[in-house]
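S.K.: using only what follows, build the 3D model:
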Amino acid sequence: MKTRSIPFAFGLTICILLPSCIATYQSIQPEALTIDDYRFVNSDSTIQMSMDYDVLTGPRNKIYAKMEKKNKLCLMAVNIQNSGQKELYIPSDMVILSGSGDTIQPLEFENALELLVEPVLDEESSGPVDVEVTGIIGTILGAGKLTNQLKKVQSHFRFIDDMKKNYLIAQHISSDTNVTGFLVLPVPKGTSLNISLRQTSSHQ
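M.R.: Numbering: from 1, shown residues only. Take a look at the predicted model:
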């Protein structure tokens, strides 16, 4: 699924053309999240990192919470406060360990979306609806139960847009910067985790 090729504005165009389309996804704004439950401090106290497991909450985001559980993933919000002099690069400067000491590598953006975004199916043929920009209108209009499918497609557009804006893979965290964004880990939600900087120690 080539999700990065889907522009957010295109989803809005569909809704303008077909007013019955009502998005079900509740946008997640990282800056509005309170991330204090799990805090890790670098040994020299110049770097602090916090995480929050409960990102996909509420009934309007249940389709993504369902995929998170089904595929044994954890979509978490991470806050990084860099008050040191060194720029950080995520994920290479970050080490995420499970409670048993296993290293956990965050998923790449495209892989994370493939596992969190439930395919939109043509309910008459049970086949997947193509969400490529080049054929989306014709394909979606051919699907059964048009309104429900359009709701799901529009929801996916909004979710993908939020993830694209806030995903922390391949991100630089400058000195004197406070950043909050998302990571998807290939472990079930609630797994005991510890975050540290590479070649540094941290404590919860």
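S.K.: excluding chain neighbours, what is closest to residue 28?
M.R.: Distances taken as CB to CB, 6 or more residues apart in numbering place residue 162 nearest to residue 28, at 5.7 Å, with adjacent residues excluded. Where C-beta positions appear, they are placed from N, C-alpha and C, glycine not excepted.
S.K.: pLDDT on stretch 24-40, on average?
M.R.: Regarding stretch 24-40, the rounded mean pLDDT is 78.
S.K.: can you give me the end-to-end span of it?
M.R.: With CA to CA, to the nearest Å as the measure, stretch 24-40 spans 34 Å from end to end.
S.K.: in that stretch, what's buried?
M.R.: Within stretch 24-40, the residues scored as buried using 16 or more other CB atoms under 10 Å are 24-26, 28, 30, 35, 38-40.
S.K.: circling back to that earlier point, correct me if wrong, but the residue nearest to residue 28 is in a helix.
M.R.: Yes - using DSSP: H, G, I helix; E, B strand; the rest coil, the secondary structure at residue 162 is a helix.
S.K.: so which of the buried residues of stretch 24-40 sit within strands?
M.R.: Counted as lying in strands by DSSP state E, out of the buried residues of stretch 24-40, are 38-40.
S.K.: surely residue 110 forms part of a helix?
M.R.: Yes - counting by three-state DSSP, residue 110 is located in a helix.
S.K.: and it, how many residues sit next to it?
M.R.: Using other CB atoms under 10 Å, residue 110 has 12 other residues around it.
S.K.: what's the answer for residue 56, then?
M.R.: Using other CB under 10 Å, residue 56 has 24 neighbouring residues.
S.K.: I'd say it and residue 77 touch.
M.R.: No - at 10.4 Å, residue 56 and residue 77 do not qualify as touching, with contact defined as CB atoms under 8 Å.
S.K.: what sits in contact with each of the two?
M.R.: Applying CB atoms under 8 Å, 6 or more residues apart in numbering, one finds that residue 56 and residue 77 are jointly contacted by residue 28.
S.K.: let me see the backbone angles for the nearest residue to residue 41 once chain neighbours are set aside.
M.R.: Nearest residue to residue 41 in three dimensions, chain neighbours excluded: residue 48, at 5.2 Å (CB to CB, 6+ apart). For residue 48, the backbone dihedrals (degrees, to the nearest 10) come out as phi -120, psi 140.
S.K.: ok, now residue 102?
M.R.: In terms of degrees, to the nearest 10, the main-chain angles of residue 102 are phi -80, psi 140.
S.K.: and if you look at residue 34?
M.R.: The phi/psi pair for residue 34 (degrees, to the nearest 10) reads phi -100, psi 110.
S.K.: the residue nearest to it when sequence neighbours are not counted bridge partners, please.
M.R.: The shortest distance from residue 34 to any non-neighbouring residue, by CB to CB, 6+ apart, is to residue 52 (7.6 Å). With DSSP bridges applied, residue 52 shows beta-bridge pairing to residue 77.
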